[in-house]
Each structure stands twice: as structure tokens, then as C-alpha cells.
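Visitor: Just the structure for this:
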Amino acid sequence: MTHEIAAQASSAQQKKKTTLLTRFWQWEASGILVALIALMAVLSLTADNFLSTYNLSVVTRQAAFVGLVALGQTLVLLVGGIDLSVGAAAGLSAIAGSLMLTMFGVNPYLVVPLTMLFGMCLGFINGFFIAGLRLNPFIVTLATWEIFAGMTMVITKGYPIRPLGETFGYFGKGEILSVPIPVLLFILSGIFLIWLLTQTKFGRNIFAVGGNRDAAVLVGIRAKFIEFMVFGMAGMFAALAGILFASRMDAGQPSVGEGWLMGAITAAILGGTSLRGGQGSIIGTMLGALLLTVLANGTVLLNVSGFWQRVIVGCVVLIAVLVDLFRRKG
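Guide: Next comes the predicted model:
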């Protein structure tokens, strides 16, 4: 009898372990988490400075900038859209925020929220054409990408706007409880979006619209409003990334946001967000942004040519798209 009880207990425990393991692998972000841990382990053994406090600070800050843009891109992908203008929106917003400081004398503590509002308005421009007029999001955001980037150059004539002041520099360079402020804002933004998507009707409607827009409309969901707001939020998060980066550099650089688009889309897809909409993970996107930043940092520490870095990132993008394809088929 004792042996039977022990055998049953062992079987139950083994079944529980199997269930937990199965649930982990069914989690959309499981693969990216395993890949991140493996990559960090390899770099800790091959790159002497990888685990240094300074390097980890650089990695997390850079991940925060790209990650904030990726969070907004995730929302857009969830409704079945895409926003190619987020990098340019980040750059134009950074310039707008810099002008608020240097030309109009706005209080440094108001510049960040006002810049986010400016970025949201840029996103609403996309939302108007895409949600309101039902134009193709790829074409619309490709056009606004050029418009925003062109406006940045028109305003700055290619020159940075500096200095932005020591007080304002705190947002990009400062720390709270040893956590860099951009990283803290990135984490708080992620927590907010997790709550929004899982605990609110608005968040659930985002998944519904992305999963089947026609069915969502039939059950009374205001799909146009959802899409309009999502593009606005994408612009807002891009603007936050842009102005934080300007704060860190103590300058509104015309080049702010260049290269962020590819990283944002890749981070979202690697984290489990589908290009077809209706499926995604905020935690996965955050891990995806961190993975890409660690990968880029590792290539630098290992003295890999900058040309090869672009090849590697391009390969990662292709892998991300293939993973999304196989996930949907599975």
C-alpha cells in the first residue's frame, strides 16, 4: 500500500512538472526568453566586459529606447496594421521637444508629457487616414515616414538643437534607486500595457479587432475608434523614446529614430506578436527588444564588423518572420 501511494504521488508530481513545462512552451514569449538567456550566457563567457555595470547600463538604456517604440508597434500589429513612421515620428517629436526647451522656454518637467502629446497627434494623423478613410496602413505610414523625416530636416536644416540644459538631461541620464530613468519608464509602460490589454474592455477589443475585424464590428465593437487610438498610442510611445534619447544626448539630433523601425518590428515579432493581428505579448516584445540590444552589444564587444552587424540583424528579421509563419500554421 505504501509503495502504491508513493508511486501515485510520484506520478502526480511528474504530471505536474510536465504540465508546467507544456504551459511554458505554449507561452508566446518562451522561445525568446530561452534565446536571451542562452545569448547572455555565451557573451558572459566570451566577452570580458559584458557583465560590467557600465555595459549592462548601456544595454538596458538602449533597449529601453527601442523597446518603447516596439511597445507602440506591438499595439498596431495587434489590430492587424503596421506603422513604418514610428522612427521618423520619434525624431520629429524629439526636435519638437527640443524647440520647446530652447526656443519657447517651456518648463523641463513639462517637455516630456507635451512631447508625448505631440507624438500622439502625429499618430492620430496615421489613424485618420487608416481608420477613418480605410487606406492601406503600409502606404499611409510609408508616406508619413517621409513627411515626418522631411519636416525634421526642414526645421533643423540637418543641425542638432543644443544644449538642452542640465535639468532636462536628468530624464535621459539620471537614475532612481540605481535604475536608469529610461529603463524605469520602459518597465512602467510595459506594466501599463499589460494591464490595458488584459484587464480592460479597450484592450480586449484590440485583440478582437485584430483577430477578425468584421466579426468585431458585427458584435458592436467600434473598430475605427480602436484603430485610431492605437496609432495615436504608437506615436506617443515613439515620442517618449525620442525625447528621452535627446535628453541623454543633450541635443535634439535630426538622426534620432533612424534604425528604430526595424528593431521595433523585429522585437515585437520575436516576442510573439503576429503580423496578421490578434496575437501578441507585451512581455515578449520587451524581451525581444532586450535580445536585439544584447546581440548588437555582443557584436561590438567581440569586434565584429559593423557591416556584419547589419547582416546579422537582417537574418534575425527573417527568422522572426519565419517563426511567426510556423506559429500561425501550428
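Visitor: Tell me where the stretch 151-300 of the chain has strands.
Guide: Using DSSP state E, counting those that start in this stretch, the strands of the stretch 151-300 of the chain run over residues 175-176, 179-180.
Visitor: what would these look like in CSV with distance to residue 96?
Guide: Where you see a C-beta, it was placed from the backbone N, CA and C, and this is true even at glycine. Listed next are these as CSV, based on distance: least, CB to CB, whole Å:
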stretch, distance to residue 96
strand 175-176, 26
strand 179-180, 24
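Visitor: so which of the ones you listed is the most packed in?
Guide: Stretch with highest mean neighbour count among these: strand 179-180 (a mean of 17; mean count of other CB atoms under 10 Å).
Visitor: Can you list the strands that that one pairs with?
Guide: Paired strands of strand 179-180, with direction, are strand 175-176 (antiparallel) (DSSP bridges).
Visitor: Check the offset of the strand it pairs with from the chain's centre.
Guide: Taking CA atoms, centre = their mean, to the nearest Å, the mean C-alpha location of strand 175-176 is offset from the chain mean by 21 Å.
Visitor: for stretch 188-195, same thing?
Guide: Offset of stretch 188-195 from its chain centre (CA atoms, centre = their mean): 12 Å.
Visitor: Mind listing what's buried along it?
Guide: Across stretch 188-195, burial judged by 16 or more other CB atoms under 10 Å covers 189-190, 193.
Visitor: Same check on stretch 37-56?
Guide: The neighbour-count check on stretch 37-56 (16+ other CB under 10 Å) flags 40, 43, 47, 50, 55 as buried.
Visitor: pLDDT check: weakest of these?
Guide: Among those, residue 47 carries the weakest pLDDT, at 83.
Visitor: The nearest residue to that one once chain neighbours are set aside and residue 54: what is the separation?
Guide: Spatially, and ignoring its direct neighbours in sequence, residue 47 is nearest to residue 301 (3.9 Å; CB to CB, 6 or more residues apart in numbering). Counting by CB to CB, to the nearest Å, the gap from residue 301 to residue 54 is 12 Å.
Visitor: Can you check the pLDDT for the residue lying closest to residue 293 once chain neighbours are set aside?
Guide: The spatial neighbour of residue 293 that comes closest, neighbours along the chain excluded (CB to CB, 6+ apart), is residue 63 at 4.0 Å. Turning to residue 63, the model gives it a pLDDT of 95.
Visitor: Do I have it right that residue 63 meets residue 297?
Guide: No - with contact defined as CB atoms under 8 Å, residue 63 does not count as touching residue 297 (9.3 Å).
Visitor: The two: who's more crowded?
Guide: More crowded of residue 63 and residue 297, by other CB atoms under 10 Å: residue 63, with 27 against 20.
Visitor: rewinding a little: and which of the buried residues of stretch 188-195 is nearest to residue 173?
Guide: residue 189 (19.0 Å; CB to CB).
Visitor: show me the contacts for the spatially closest residue to the closest one that is not a sequence neighbour.
Guide: Nearest residue to residue 189, sequence neighbours excluded (CB to CB, 6+ apart): residue 71, at 5.7 Å. Residue 71 makes contacts with 186, 189-190, 193, 237, 282, 285-286, as judged by CB atoms under 8 Å, 6 or more residues apart in numbering.
Visitor: same thing but at 6 Å, please
Guide: Contacts for residue 71 (CB atoms under 6 Å, 6 or more residues apart in numbering) come out as 189, 193, 237.
Visitor: just residue 243 next, same as before
Guide: Residue 243 neighbours (CB under 6 Å, 6+ apart): 94, 97, 112, 115.
Visitor: For the last one, grab the count of nearby residues.
Guide: When counting by other CB under 10 Å, one arrives at 27 neighbours for residue 115.
Visitor: Then the third one?
Guide: The burial count assigned to residue 112 is 19, neighbours taken as other CB under 10 Å.
Visitor: Give me the pLDDT for it.
Guide: 96.
Visitor: which ones are touching it?
Guide: Taking CB under 6 Å, 6+ apart, one finds residue 243 in contact with residue 112.
Visitor: In three-state terms, label it for me.
Guide: Secondary structure state of residue 112, per DSSP: H, G, I helix; E, B strand; the rest coil, is helix.
Visitor: what's in contact with stretch 285-294?
Guide: Outside stretch 285-294, the residues that touch it by CB under 6 Å, 6+ apart are 29, 32-33, 36, 39, 59, 62-63, 66-67, 70, 74, 190, 263, 267-268, 270-271.
Visitor: Equivalent analysis for stretch 76-87, please.
Guide: Against stretch 76-87 from outside (CB under 6 Å, 6+ apart): 69, 73, 137-138, 141-142, 144-145, 148, 206, 209-210, 227, 230, 234, 238, 257, 260-261, 268, 273, 277, 280.
Visitor: List the buried residues of that stretch.
Guide: Neighbour-count burial for stretch 76-87 flags 76-87 (criterion: 16+ other CB under 10 Å).
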